[in-house]
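In: Requesting a structural model of the entry that follows:
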Amino acid sequence: MTISVLIVCLGNICRSPMGEAVLRNEALKRGITDIHVDSAGTAAAHVGEDPDERTIEVCNTNNVPISHAARQVRASDFTSFNYILAADGSNLRALERHFGRSEGSEATVRLWGSYLSDNKPIQDPYYGGMDGFTKCYEQCVKLSNAFLDEVVGKGGLGTR
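Out: From the prediction side, this is the model:
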């Protein structure tokens, strides 16, 4: 069974495409093959754009492949993904407010940070410097591993 995960932030150019790339990379490092990861934004301001150059730089520095064109969350995401993980509370509320529980949705919608005991949101690094993007990357690695520990622990993913 393939598990599908959508990582969501505001514009889909910083946190969520980094989270997508990191989660996919961490899964591959574990030999997990039955996972599909994508990302999207709750806003449409950057649709079609590449990830922020600082997101790309941090991923490249850490040997994490990244390739994504920004898109906005769609109602169909709630029926095509098993997990929809919000970067912060604001985006979680936007997902709940604008999409609620779509008919036929079985997606688990929650704060990505809730997979760690600190329950911390991923701060938006967009208006800051490289340090914020590095912190975002480090948090994405921790959250990816916590997510995989929980989901693999449930027997929900296949490995090679």
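In: What strand or helix carries residue 48?
Out: For residue 48, there is no host helix or strand (DSSP states H and E).
In: what pLDDT does it get?
Out: In this model, residue 48 is scored at 97, pLDDT.
In: OK, contacts around the nearest residue to it once chain neighbours are set aside?
Out: Closest residue to residue 48 apart from its sequence neighbours, by Cβ to Cβ, 6 or more residues apart in numbering: residue 69 at 5.6 Å. In this view, the C-beta of every residue, glycine as well, is placed from N, C-alpha and C. By Cβ atoms under 8 Å, 6 or more residues apart in numbering, the contact set of residue 69 is 48-50.
In: distance of residue 69 from residue 28?
Out: 21 Å (Cβ to Cβ, to the nearest Å).
In: Residue 128 too?
Out: From residue 128 to residue 28 the distance is 29 Å (Cβ to Cβ).
In: residue boundaries of the helices in this structure?
Out: 15-29, 53-61, 77-80, 89-99, 130-153 (DSSP state H).
In: Restrict the first one to CA atoms and write it as CSV.
Out: Taking only C-alpha atoms (Å, rounded to 0.1, in the frame of the first residue of the first chain), the coordinates of helix 15-29 have been written out as CSV:
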residue,chain,number,x,y,z
ARG,A,15,8.7,25.3,3.9
SER,A,16,6.5,22.9,2.1
PRO,A,17,8.7,22.2,-1.0
MET,A,18,11.6,21.7,1.4
GLY,A,19,9.5,19.4,3.6
GLU,A,20,8.4,17.5,0.5
ALA,A,21,12.0,17.0,-0.6
VAL,A,22,13.3,16.1,2.9
LEU,A,23,10.5,13.7,3.6
ARG,A,24,11.0,11.9,0.3
ASN,A,25,14.8,11.8,0.9
GLU,A,26,14.5,10.5,4.5
ALA,A,27,12.1,7.8,3.3
LEU,A,28,14.5,6.7,0.6
LYS,A,29,17.4,6.6,3.1
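In: Other residues contacting it?
Out: 5, 7-9, 35, 37-41, 51, 55, 58-59, 64-66, 68, 70, 85, 87, 112, 122, 124-125, 133, 136-137, 140-141, 143-145, 147-148, 157.
In: Among the residues you listed, name the buried ones.
Out: 5, 7-9, 35, 37-41, 51, 55, 58-59, 64, 66, 68, 70, 85, 87, 112, 122, 124-125, 133, 136-137, 140-141, 143-145, 147-148, 157 (16 or more other Cβ atoms under 10 Å).
In: and stretch 54-68, how far apart are its ends?
Out: 14 Å (Cα to Cα, to the nearest Å).
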